[in-house]
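S.K.: Mind looking at a prediction? Sequence and model below.
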Amino acid sequence: MKKIKIESTLYVYDTLEELPENIQNLMKHAIEAREKAYAPYSKFHVGAALLLDNEEIISGSNQENASYPSGLCAERTAIFYAGAKYPKAKIVSMAITAASQNQKTTTPIPPCGACRQSIAEYEVKQEVPIEIYFMGQSGKIAKSDSLANLLPLVFDKASL
Ligand code: THU
């Protein structure tokens, strides 16, 4: 028996102004998308924006449903739209922001497990890491250089 230790590295920025300019702009798109979320049930509004290697920006927000599991998270709304619209483009960066109507989110809110799995599919497919920036409504912004950092022991096509 041997013990295996898994480590992930995140970078934390104190303010939006500290981010590279193109990422500040990407986060602005995520905030605008968040403001368009349809979240009457959870009152938790999420926006995601993707920067593609063709310089397009694709954004999405969470879309809820009276039949709860039929709704979709912001990250998957954006990533599936990007895959559908620009199937050959690679995703360079992703910005995510979440705001709750029940409390102020002041710490970075990471993508849920299902979204991590979906983002992993595209990272594996494009063979280039996707950098992911995530934040709450305000406060610090966390950055991961790759989805792999957020989902160690990924399940992907290699197992099929
Ligand atoms: N949600 C997202 O959009 N992204 C996540 O990564 C976490 C959760 C949405 C789903 C649901 O509409 C609401 O937030 C509460 O879970």
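M.R.: Received, thanks. Here the structure is a predicted model, which means the values were calculated and not measured. Residues are numbered from 1 along each chain as shown.

S.K.: Quick check: next helix or strand after the one helix or strand Ala49 maps to?
M.R.: In the assignment (DSSP states H and E), Ala49 maps to strand 44-52. Reading on from strand 44-52 to the C-terminus, the next helix or strand found by DSSP H and E is strand 57-61.

S.K.: quick one: average pLDDT of that following strand?
M.R.: Strand 57-61 carries an average pLDDT of 98.

S.K.: Using PDB, list the CA coordinates for that strand.
M.R.: The C-alpha trace of strand 57-61 is given here as PDB (Å, rounded to 0.1, in the frame of the first residue of the first chain):
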ATOM      1  CA  ILE A  57     -16.600  35.800 -26.000                       C
ATOM      2  CA  ILE A  58     -19.500  33.500 -25.200                       C
ATOM      3  CA  SER A  59     -21.400  33.900 -22.000                       C
ATOM      4  CA  GLY A  60     -24.200  32.100 -20.200                       C
ATOM      5  CA  SER A  61     -26.300  32.200 -17.000                       C
END
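
S.K.: and that strand, what other elements does it pack with?
M.R.: helix 21-34, strand 44-52, helix 74-85 (3 or more Cβ pairs under 8 Å, 6 or more residues apart in numbering; DSSP states H and E). The C-beta positions use only the backbone N, C-alpha and C, and glycine is treated the same way.

S.K.: which one of these is the most hemmed in?
M.R.: Scoring the helices and strands packed on strand 57-61 by mean neighbour count under mean count of other Cβ atoms under 10 Å gives strand 44-52 as the most buried, with a mean of 25.

S.K.: Ser93 and Ala30: what is the separation?
M.R.: Separation of Ser93 from Ala30 (Cβ to Cβ, to the nearest Å) stands at 11 Å.

S.K.: Contacts only, for the most far-flung residue of the chain relative to its centre.
M.R.: Distance from the centre of the chain peaks at Met1, with 36.1 Å (Cα atoms, centre = their mean). The neighbourhood of Met1, defined by Cβ atoms under 8 Å, 6 or more residues apart in numbering, contains no residues.

S.K.: can you tell me how far it sits from Arg76?
M.R.: Distance from Met1 to Arg76, counting by Cβ to Cβ: 38 Å.

S.K.: Over to Glu123?
M.R.: In this view, Glu123 and Arg76 are 14 Å apart by Cβ to Cβ.

S.K.: repeat for Glu56
M.R.: 18 Å.

S.K.: go on, Ile31?
M.R.: 19 Å.
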